[in-house]
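how would this look folded up:
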Amino acid sequence: MSRAWRNVAVIGAAIIIPLGFYAVITAKLLGRICYNISGFKIKGIGAGAIDLVITLDVKNPANVNIKIEGYYIDVKINGETVATVKNDKERVLESDAVSLLDIPVTLSYDKFINKVKWNEILSYFISGKTDKIFVNLEGKFLGAIAKIPVSTSIKLDYSLQEIMKMIKAPATPC
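I've put the predicted structure just below:
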């Protein structure tokens with residue numbers, strides 16, 4: 001191997017190896033974030049849908065900032081998908097801090113009433129049996145490292161009663 005090729009190989013390795021370490025470390029950090037529900041608010045009730053916002057506390061336990069490039073979440077009530085939320089807005093999760101993430105959800109009356117056992121949910125709600133109404137959030141936080149997509153899964157499963165307790169007495173995730 002000529003001297004020029006050795007120099008190119010050394011320079012290439014000096015660039016590629018640190019980028020590889022950066023990619024692996026960032027992927028691990030994105031996987032360490034944790035979250036919980038800290039808010040729930042009905043924004044409006046319209047002719048065909050209910051608009052609400054679910055607020056997540058998202059903790060980045062790492063000592064470096066992490067950039068998420070969006071999320072994809074299925075919202076389920078008692079196991080039935082009633083809405084899918086997609087967002088591609090970039091957010092920075094500050095190092096060793098908790099960030100608030102508002103997730104706007106639009107529930108179509110048709111999907112909501114036809115997919116879930118509406119009469120059962122309504123009777124639970126009216127009778128105060130909110131421990132029998134479950135809200136599930138399943139999806140992914142999306143990120144990228146050197147233009148290579150990386151994601152970490154979101155999976156929350158709480159009863160309405162548990163959500164109300166979390167909102168009244170917020171706790172830091174992790």
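
what's the distance between the closest residue to Ser123 other than its chain neighbours and Leu142?
Nearest in space to Ser123, with sequence neighbours left out and distances taken as Cβ to Cβ, 6 or more residues apart in numbering, is Lys129 at 7.9 Å. From N, CA and C alone the C-beta is placed, and that goes for glycine too. Using Cβ to Cβ, to the nearest Å, we find Lys129 at a distance of 36 Å from Leu142.

Between these two, which is the more surrounded one?
Leu142 (19 against 13; other Cβ atoms under 10 Å).

contact partners of whatever helix or strand that one lives in?
Leu142 belongs to strand 134-145 when elements are defined using DSSP states H and E. Contact partners of strand 134-145, identified using Cβ atoms under 8 Å, 6 or more residues apart in numbering, comprise 22-23, 26-27, 30, 33, 37, 54, 66-79, 85, 88, 103, 149-160, 163.

Which ones among the residues you listed map onto strands?
37, 54, 66-68, 70-77, 85, 103, 149-159 (DSSP state E).

Report the contact partners of the closest residue to Thr84 other than its chain neighbours.
Distances taken as Cβ to Cβ, 6+ apart place Asp74 nearest to Thr84, at 5.4 Å, with adjacent residues excluded. Residues near Asp74 by Cβ under 8 Å, 6+ apart: Thr81, Ala83, Thr84, Val85, Asn136, Leu137, Glu138, Gly139.

could you redo the last one with a cut-off of 7 Å?
Thr81, Thr84, Glu138, Gly139 (Cβ atoms under 7 Å, 6 or more residues apart in numbering).

cool, Ser99 as well?
Val58, Leu93.

Next, give phi and psi for it.
phi -110, psi 150 (degrees, to the nearest 10).

tell me which residues in stretch 58-75 are buried?
Val58, Lys59, Asn60, Ala62, Ile66, Ile68, Glu69, Gly70, Tyr71, Tyr72, Ile73, Val75 (16 or more other Cβ atoms under 10 Å).
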